[in-house]
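Trainee: Structure for the following, please:
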Amino acid sequence: MRVVPRIFKGLALLVILVAIGAVAWLSISPPELLKVGNGYAAKIVCSNVFIAGRDPDAVLYDDVQAPGNPLLRLMRVEIDRDSERVTSRFMGLFAPSYALYRGALGCTSVPDGDFDAAARAAPLMPAARLSENDAVWPDGESVDPATGNAKVAALLSDAKLAGPAMRAMVVVQDGRIIAESYGPGFNADTPLVGWSMTKTVNAALIGRLMLSGKISFDDTHLLPQWANDSRGDIKLADLLGMESGLAFNEDYGAVADVTRMLYLDPDMVSLPAGAPLVAAPGTDFRYSSGTAVLLSRIWMNKVGDPRAAFDYPRDALFSPLGMTSAVFEADERGTFTGSSYIYATGHDWARFGQFLLQDGVWNGQRLLPEGFVAMMRTPTASSGGKYTQGQAWLAGPGGGTSAEFGLPQDTFWLQGHDGQTVAIIPSANLVFVRMGLTPSWLGYRPQIVLKEILNTLQSAKAG
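Mentor: The predicted structure follows:
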């Protein structure tokens, strides 16, 4: 009979030893996946609290935990509003990661905890302020009731057409907002992350530099890291079309190049800049958030003066367009995260779409070179006609062509993670914005509501 108690004591001791070992392991050398999860949680909570003014508990649950990896449900965050820092830990104890708010530069991941380095890399700039201009959009934020379309508004209020977790929908025709709708807890003043729609804005900033003659499509030897090897032959055009030939793993299902770059590396440039060539430049389409970060570093280097580079998105693009809510976030070392991190209201995302619809002209002033927007609508051969030469999409969300959904052939798209979209249709003089937290596995296709909007407008015109 004494054997049984001994067995239980042995098992209890084993459990204790395993627990101690697990705690030691998680404390000393936690898995990279936990570090990525904490980096993601800290960054998303930081941006949504300090830029969008949202409740941190709602952000943690709705944006971080609900749609993602089950491990994210065990992340716990702490917010230090005095120092404007966010810390995330697995189970509130392990693998800490940090994010720091830097005013007009939004929040940055600080995976190594070196806040002093982050502060040295970029100046603390005054935060963006929403426009208080009461002029009619796009000159201000007011929407003229006379231009409203009740039938289109009814489509936006249809939950099935709007899709799961819709946060903002804006329809612009003939340069005026004709309908808009917002999800619970969101409104026209809420800045929303564009994720990969940032890539297209980043490309437009390169276009602004082209107008001043500081950069061109045929430029090579773009980074000092490529000075002495064949990567120096990569052209700017190759990067813009995602045809650089550089290796990059964009798989978000595990710790891949993209998640390592965004959440583990204080210098996001280092990984893609150090990637080997796996194909001849200009011959192979490889969608890469690393490429977009390289483009940011390249145009920032071309601007020259670091402070001028930090001011450039606002001075060259956001201010001329009246995108007063727009916040372009940078990494810990001061490179804009051109792959992912612009926050802006639905009205401001619509302004950018309208800017492209108008061929890069705003208030009669040409801000992009002649032919630049046409390039943004021209497919690359190696992408099979899906991606363009200027960081935009011809294939709609989910990969369908315009013809498959009955949309005009000249439709092109900005697309971002979890259902961020801007559709631009020059032939209909229409811009459509749909923002949300709608993972691709839900199968939502914004093309359907966009087609219904076009049908409604065409029927009214015919009548």
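
Trainee: how about the helices of the stretch 301-450 of the chain, start to end?
Mentor: 306-312, 319-321, 346-357, 372-376, 446-462 (DSSP state H, counting those that start in this stretch).

Trainee: how about those, which one is nearest W393?
Mentor: helix 372-376 (10.1 Å; Cβ to Cβ). Yep, even glycine has a C-beta here, placed from its N, CA and C like the rest.

Trainee: Give the buried residues for that closest one.
Mentor: For helix 372-376, burial by neighbour count (16 or more other Cβ atoms under 10 Å) applies to F372, V373, M375, M376.

Trainee: ok, of the residues you listed, which one's closest to V152?
Mentor: Using Cβ to Cβ, the buried residues of helix 372-376 come closest to V152 at V373, 25.4 Å.

Trainee: Got the confidence number for the closest one?
Mentor: For V373, the pLDDT comes out at 98.

Trainee: what does A403 give?
Mentor: pLDDT, A403: 94.

Trainee: quick one: contacts for it?
Mentor: By Cβ atoms under 8 Å, 6 or more residues apart in numbering, A403 lies in contact with Q409.

Trainee: L240 versus that one, what's the distance?
Mentor: 26 Å (Cβ to Cβ, to the nearest Å).

Trainee: what helix or strand is T200 on?
Mentor: T200 is part of helix 197-211, with elements assigned from DSSP states H and E.

Trainee: which other helices and strands contact the helix or strand just after that helix?
Mentor: Downstream of helix 197-211, the first helix or strand assigned by DSSP H and E is helix 236-240. Packing partners of helix 236-240 (3 or more Cβ pairs under 8 Å, 6 or more residues apart in numbering; DSSP states H and E): helix 197-211, helix 289-303.

Trainee: what would those helices look like in JSON lines with distance to E78, mean pLDDT and mean neighbour count?
Mentor: What follows is those, written out as JSON lines (distance: least, Cβ to Cβ, whole Å; pLDDT from 0 to 100; neighbours: other Cβ atoms under 10 Å):
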{"stretch": "helix 197-211", "distance to E78": "28", "mean pLDDT": "98", "mean neighbour count": "24"}
{"stretch": "helix 289-303", "distance to E78": "28", "mean pLDDT": "98", "mean neighbour count": "24"}
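
Trainee: wait, which of those is closest to E132?
Mentor: Per Cβ to Cβ, nearest to E132 of the helices and strands packed on helix 236-240: helix 197-211, 23.6 Å.

Trainee: which one is E250 nearest to, not counting chain neighbours?
Mentor: In this structure, E250 finds its nearest non-sequential neighbour in V258, 5.1 Å apart by Cβ to Cβ, 6 or more residues apart in numbering.

Trainee: Point out where the protein drops to low pLDDT.
Mentor: Within the chain, the segments meeting pLDDT under 70 span 1-29, 463.
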